[in-house]
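Q: Have a look; sequence and predicted model below, questions after that.
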Amino acid sequence: RYLGQPEIGDKNRYALVRNCVDIATSDNLTDFLVEMGFRLDHEFVAKGHVFRKGIMKIVVYKIFRILMPGNTESIEPLSLSYLVELNVVAPAGQDIVSDDMKNFAEQLKPLVHLEKIDPKRLM
Amino acid sequence: GQTGKLMYVMHNSEYPLSCFALFENGPCLIADANFDILMVKLKGFFQNAKANKIESRGTRYQYCDFLVKVGTVTMGPSARGISVEVEYCPCVIANDCWNLLMEFMQSFMGNHTPGIPSVFGTKHDSVYSPADTMVQYMELFNKIRKQQQVPVAGIR
């Protein structure tokens, strides 16, 4: 999956919107990406649960750091808490989805407070 | 300061839902049609090579277990040659049917019958994949690109 930069005009939306291209490939993708000039930035293991509500996907997972590159068996948790992520893949221009997401997010309070994140601030 | 590498993006009507991306002497990626969309998004990172688009278009013949595809190779508006693709469908191990293929090709190509394709190299016993076909077309197209265009002399 390719995820682009956050869309402009994003400030008023409740959710982060990014361009997304999903491509099925043969299993030599990592070799191919390196040949294209890409370099591995980081890898991680996510363990948890996936829930669905219509086109909304809610993922509750714990992130694990990989101790030996490429070895998904030797891992250690990054923190004790779980990360909750709500995402939707929708056709381009369907901004109305972010309203549905906001409504759903309201229902999860006070158990979880879902916020829009700014990826640039995390870089 | 790395010298430019060429990446070829190819399509084959035999596999209409796929897109092939390959590097010379490098890996060949088989992806779905969304790969073309990805390339549009990434076009800022690549320079479109001056080499023009090249294609082979023609007729597909089925003769018992053989598939023969004869096409005219064109680069832009000009025709540059003829391509002949021969496939023996029941067999997926190149080594096991090369002799049969050669015999079949000799029956209609005579002296033009090629030697065993270099794509097999040392791995004669591995299973054939559509990527192997695309590598051969890439090599053929490159050979045609390098050929000098012979001007046709007009006779009055």
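A: The structure has been received and is ready for your questions.

Q: The longest helix along chain A - contacts with which helices or strands?
A: Assignment by DSSP state H gives helix A:97-107 as the longest helix of chain A. With contacts defined as 3 or more C-beta pairs under 8 Å, 6 or more residues apart in numbering or on different chains; DSSP states H and E, helix A:97-107 has these neighbours: strand A:56-66, strand A:83-88. All C-beta atoms are positioned from the backbone trio N, CA, C, and that covers glycine.

Q: Which one of the ones you listed lies nearest to chain B?
A: Chain B lies closest, by C-beta to the nearest C-beta, to one member of the helices and strands packed on helix A:97-107: strand A:83-88, at 18.4 Å.

Q: In contact with the residue nearest to the spatial centre of chain B: list those residues for me.
A: Nearest residue to the geometric centre of chain B (C-alpha atoms, centre = their mean): residue B:137, 1.2 Å. Listed by C-beta atoms under 8 Å, 6 or more residues apart in numbering or on different chains, the contact partners of residue B:137 are B:10, B:12, B:56, B:83, B:85.

Q: Could you identify which of those has the most neighbours?
A: residue B:56 (21 neighbours; other C-beta atoms under 10 Å in any protein chain shown).

Q: And the pLDDT for it?
A: We have a pLDDT of 96 for residue B:56.

Q: just checking, it touches residue B:79?
A: No - applying C-beta atoms under 8 Å as the test, residue B:56 and residue B:79 come out as separate, 10.4 Å apart.

Q: Which strand or helix spans the residue nearest to the centre of chain B?
A: Per DSSP states H and E: residue B:137 is located in helix B:130-146.

Q: How far does that helix sit from its chain's centre?
A: Relative to its parent chain, helix B:130-146 has a centroid offset of 4 Å by C-alpha atoms, centre = their mean, to the nearest Å.

Q: Likewise for stretch A:79-97?
A: Remark: stretch A:79-97 is offset 7 Å from the chain centroid, using C-alpha atoms, centre = their mean.

Q: who touches it?
A: A:13, A:15, A:17, A:19-20, A:22, A:48, A:55-63, A:100-101, A:104-105, A:108, A:112, A:114.

Q: Take these and, keeping just the buried ones, write it as a PyMOL select command.
A: In PyMOL, a selection of the buried entries from the contacts of stretch A:79-97 looks like this (16 or more other C-beta atoms under 10 Å in any protein chain shown):
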select buried, chain A and resi 13+15+17+56+58+63+100+101+104+105+114
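
Q: and chain B, which residues reach chain A?
A: Residues of chain B lying near chain A by C-beta under 8 Å from any C-beta of the partner chain: B:2, B:5, B:7, B:21, B:23, B:26-32, B:34-35, B:37-38, B:41, B:45, B:131.

Q: Those residues in helices, which ones?
A: Judged by DSSP H, the subset of the residues of chain B next to chain A located in helices is B:34-35, B:37-38, B:41, B:131.

Q: okay, who's weakest in the residues you listed by pLDDT?
A: residue B:41 (88).

Q: Now for chain A, the helix or strand with the poorest mean pLDDT.
A: Within chain A, no helix or strand scores below helix A:119-122, which has a mean of 72 by mean pLDDT, DSSP states H and E.

Q: That's all I had, so thanks and see you.
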